[in-house]
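>>> Prediction below, plus the sequence it came from.
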Amino acid sequence: MKKTACICLFALMIILYSISVNAGEKENKDKPWERFSFNLGGFITAINSDVSLDAKGVGIEVNLEDALDMDSSVSVFRVDGLWRFSRNLRHRLDLGWFDISRDAHTTLLQDIQIGDTLFPLGTEVTSSFDLQVFKGAYTYSFFQDDRMDMGVSFGLFVMPIAFEIDASGGFEGHESESITAPLPVLGFRTDFAITPKLFLKFNVDFFYLEIDQFEGAVTDTKFALEYNAFKNIGFGIGLERFNIYIKAEGEDYPNIDFNGTFEFRYFGLMAYCKVYF
């Protein structure tokens, strides 16, 4: 799945770039903003996540790192790309994908309630928490010159989430839940050219909605420093904070059909290589 998503995103960005490769070159030759870039890299992240499942929508939150011994720090591969598709470079499309999936095997140090099952102290359990994030956003730059590019964006985060726990030995039990959460986001982006080759980049995306028995929120904040070391090749480092919270009791939101809550937070250090034109 990781390889397929990477290949598909890369192919899409190449197609989009090929459509507009010659558009507006003379008009924007003095601006430092790339028309197309494709980033490959990864980040080391600290994670904190909670889950509760219950037939009545009122469950007990279980911290996956403390209770189930899931890794609280992981290394993650990610892919990002952008395409400025108009002649004046003010219209931009951003795409991205990463996968934070973990599993664990441990002996419980306390009773935990998940869904309809009480897993008692001393039970050996195997658990998994899978989360992928597919990001897409359109940005309009309301201010742009040869040093600053500032824009507002509208996009969509699509997040397949799956949790599963199995017990074996003297006690046998199983609970699982999976959803795909499509959450629209509003955002703000700014790129600042410190020098013609060195750029400071910032973006924030956010969403909050509460309707009937559904509540959802997501925030994604990123700072990055990029250096275009060679023609068409650059490097970047950055920091990113990501939070998602979903609470639902049924089908009040598209593709959200479960009872319980998912809450996931990470803070990570990124490093990547980029190809740009």
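Everything's here; your move. Numbers count the residues shown, from 1 in each chain.
>>> Stretch 190-200: end-to-end distance?
One end of stretch 190-200 sits 8 Å from the other (CA to CA, to the nearest Å).
>>> what residues does that stretch touch?
32-33, 146-151, 201-203, 223-229 (CB atoms under 8 Å, 6 or more residues apart in numbering). For every residue, glycine as well, the C-beta is placed using N, CA and C.
>>> That one: how far from the chain's middle?
24 Å (CA atoms, centre = their mean, to the nearest Å).
>>> What of stretch 166-173?
33 Å.
>>> Endpoints of that stretch, how far apart?
End-to-end for stretch 166-173, by CA to CA: 6 Å.
>>> Rounded mean pLDDT for that stretch, please.
Looking at stretch 166-173 alone, the average pLDDT works out to 86.
>>> Same question for stretch 86-105.
pLDDT averaged over stretch 86-105 gives 95.
>>> Just the buried residues of it, please?
89-90, 92-100, 102, 104 (16 or more other CB atoms under 10 Å).
>>> contacting residues around stretch 71-82?
Contacts of stretch 71-82 (CB under 8 Å, 6+ apart): 2, 5-6, 9-10, 12-13, 34, 36-48, 65, 92-100, 102, 104, 268, 270, 272.
>>> The host helix or strand of residue 96: what's the following helix or strand?
Here residue 96, judged by DSSP states H and E, is contained in strand 91-107. Per DSSP H and E, strand 91-107 leads on to strand 112-114 as the next helix or strand towards the C-terminus.
>>> elements contacting the helix or strand just after that following strand?
Per DSSP H and E, the first helix or strand lying C-terminal to strand 112-114 is strand 117-119. Secondary-structure packing of strand 117-119 (3 or more CB pairs under 8 Å, 6 or more residues apart in numbering; DSSP states H and E): strand 112-114, strand 173-193.
>>> just those: most buried one?
strand 112-114 (a mean of 20; mean count of other CB atoms under 10 Å).
>>> Note down every partner strand of that one and its orientation.
strand 117-119 (antiparallel) (DSSP bridges).
>>> Residues contacting the strand it pairs with, please?
With contact meaning CB under 8 Å, 6+ apart, strand 117-119 is reached by 108, 111-113, 125, 165, 167, 171, 173-175.
>>> Would you mind putting the residues you listed into CSV with distance to residue 208 alongside?
Converted to CSV, the contacts of strand 117-119 look like this (distance: CB to CB, whole Å):
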residue, distance to residue 208
108, 34
111, 34
112, 29
113, 28
125, 33
165, 29
167, 36
171, 40
173, 35
174, 33
175, 28
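>>> Find the pair from these with maximum spatial separation.
111 and 174 (16.8 Å; CB to CB).
>>> circling back to that earlier point, only alpha carbons, please: show the strand holding residue 96 as PDB.
This file holds the C-alpha atoms of strand 91-107, laid out as PDB (Å, rounded to 0.1, in the frame of the first residue of the first chain):
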ATOM      1  CA  HIS A  91      -3.100  29.100  -7.900                       C
ATOM      2  CA  ARG A  92      -1.600  26.100  -6.300                       C
ATOM      3  CA  LEU A  93      -2.400  22.400  -5.600                       C
ATOM      4  CA  ASP A  94      -0.800  20.500  -2.700                       C
ATOM      5  CA  LEU A  95      -0.900  16.700  -2.300                       C
ATOM      6  CA  GLY A  96       0.600  14.500   0.400                       C
ATOM      7  CA  TRP A  97       0.600  11.100   2.000                       C
ATOM      8  CA  PHE A  98       2.100   9.300   5.000                       C
ATOM      9  CA  ASP A  99       1.300   6.200   7.000                       C
ATOM     10  CA  ILE A 100       1.600   5.900  10.800                       C
ATOM     11  CA  SER A 101       0.800   2.300  11.600                       C
ATOM     12  CA  ARG A 102       1.900   0.400  14.700                       C
ATOM     13  CA  ASP A 103       1.300  -2.900  16.400                       C
ATOM     14  CA  ALA A 104       2.300  -4.300  19.800                       C
ATOM     15  CA  HIS A 105       2.300  -7.400  21.900                       C
ATOM     16  CA  THR A 106       2.100  -7.100  25.700                       C
ATOM     17  CA  THR A 107       0.800  -8.400  29.000                       C
END
